[in-house]
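[1] only the shape, not the letters, is given here:
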């Protein structure tokens, strides 16, 4: 009897442990300021609607004008703003102001838990308001770039605010529920039943929202007429490229899809090299300038 009770408890508790582990990532210590690339920048901070202090860097355009277009960069789970310093500097050299910031519970920002795309939309909204309040930035020409969770959050935030001129989403998941299924069965090698419904229940109880609310595929059509570039890696086993293809099919356009050969999760920029910075930069230039 004790063994049976133990097995039942394991089945019930394990999914909640998985949810906790994935929503409390360790703070990534990487620190690569834009000054390493001889770029001018300013450390900044701003508050979200629910009182979280977020920290970031505002990278200045190489050739400042009275009002420059701007881009917000959103990192993935367990990462921080330093992951995209080089990309930010390359965009700044094209004339953009670029805001790199740490999501809640990441890097130097406040907060203790990551909701994997739900509360992070408040972080993006706060970043947007921060930029719009800057006199040197054209509030009507602000784009957004994201990777992984950051990409999914970027789609959701852009659909809800209708304030972004262009969106680049690299390795976005189509829906958090599908992402959870892939994690449970593929990463943790657990059977879908009963672990997936229990993990979903754990998330919904913890964050007091439905997993169905974190579904970029149901929102991406609302980005139109803002153009979207969807990027995926065909070697990605964590968020397979099929997610990108589904998002592309659901988008209204203007839209572009770029599946990078051989790229695993988080490795699209490394796999494509200089072509990545060129294509992303040209996409934003075409869309916003």
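    Looks like it arrived, so ask away. What you see is a predicted model, and the numbers here were worked out from it, not measured in a lab.
[2] chain neighbours aside, what residue packs nearest to residue 213?
    residue 118 (6.4 Å; C-beta to C-beta, 6 or more residues apart in numbering). Every residue, glycine included, has its C-beta placed from N, CA and C.
[3] again but with residue 76, I slipped
    residue 148 (3.2 Å).
[4] try residue 102
    Once flanking residues are discounted, residue 102 sits nearest to residue 109: 4.0 Å by C-beta to C-beta, 6+ apart.
[5] report how many residues lie close to the one you found.
    Residues contacting residue 109 under the criterion other C-beta atoms under 10 Å number 22.
[6] quick one, phi/psi of the residue nearest to residue 76?
    phi 60, psi -120 (degrees, to the nearest 10).
[7] wait, doesn't it sit right on residue 77?
    Yes - using C-beta atoms under 8 Å, residue 148 is in contact with residue 77, at 6.6 Å.
[8] would you map the strands across the protein?
    Listed in chain order, the strands found in the chain under DSSP state E are 41-47, 53-59, 68-74, 97-101, 137-147, 166-170, 228-233, 255-260.
[9] residue contacts, the residue nearest to residue 76?
    By C-beta atoms under 8 Å, 6 or more residues apart in numbering, the contact set of residue 148 is 75, 76, 77, 79, 170, 171, 172, 173, 239, 265, 266.
[10] I figured the last one was touching residue 76, is that so?
    Yes - if you go by C-beta under 8 Å, residue 266 and residue 76 touch, sitting 6.7 Å apart.
[11] give me the common contacts of these two.
    With C-beta under 8 Å, 6+ apart as the test, residue 266 and residue 76 both reach 147, 148, 171.
[12] which of these lies closest to residue 193?
    For those, the minimum distance to residue 193 (C-beta to C-beta) is 26.5 Å, reached by residue 148.
[13] contacts only, for residue 255.
    With C-beta under 8 Å, 6+ apart, residue 255 has these contacts: 227, 228, 229, 230, 248.
[14] in a markdown table, list these along with distance to residue 183 and neighbour count.
    A markdown table is the format used below for those (distance: C-beta to C-beta, whole Å; neighbours: other C-beta atoms under 10 Å):
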| residue | distance to residue 183 | neighbour count |
| --- | --- | --- |
| 227 | 31 | 21 |
| 228 | 25 | 27 |
| 229 | 26 | 23 |
| 230 | 21 | 28 |
| 248 | 23 | 20 |
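[15] next, give me the two most distant ones among the residues you listed.
    227 and 248 (12.3 Å).
[16] which of the residues in stretch 40-60 are buried?
    Neighbour counts over stretch 40-60 (16 or more other C-beta atoms under 10 Å) mark 41, 44, 46, 48, 52, 54, 55, 56, 57, 58, 59, 60 as buried.
[17] isn't residue 73 right next to residue 89, touching?
    No - Residue 73 lies out of contact with residue 89 (C-beta under 8 Å); the separation is 11.0 Å.
[18] would you confirm that residue 60 contacts residue 40?
    Yes - between residue 60 and residue 40 there is a contact under C-beta under 8 Å: 4.2 Å.
[19] between residue 266 and residue 76, which is the more surrounded one?
    residue 76 (25 against 20).
[20] who's in contact with the more buried one?
    Contacts of residue 76 (C-beta under 8 Å, 6+ apart): 83, 147, 148, 149, 150, 151, 171, 266.
[21] go again using 7 Å as the cut-off
    Applying C-beta atoms under 7 Å, 6 or more residues apart in numbering, we find residue 76 in contact with 147, 148, 149, 150, 266.
[22] pick out the lowest-pLDDT one from those.
    Taking pLDDT as the measure, the contacts of residue 76 have their low point at residue 266 (94).
[23] contacting residues for that one?
    So residue 266 contacts 76, 147, 148 (C-beta under 7 Å, 6+ apart).
[24] what does residue 153 give?
    Applying C-beta under 7 Å, 6+ apart, the residues near residue 153 are 74, 117, 120, 121, 124, 146.
[25] quick one: the residue nearest to residue 76 from residue 283, how far?
    Separation of residue 148 from residue 283 (C-beta to C-beta, to the nearest Å): 19 Å.
[26] closest to residue 164 out of the contacts of residue 148?
    Once C-beta to C-beta is applied, the member of those that ends up nearest residue 164 is residue 172, at 14.5 Å.
[27] so how far is residue 13 from the closest residue to the closest one other than its chain neighbours?
    Using C-beta to C-beta, 6+ apart and skipping residues adjacent in sequence, the residue nearest residue 172 is residue 151, 3.5 Å away. Distance, residue 151 to residue 13, using C-beta to C-beta: 32 Å.
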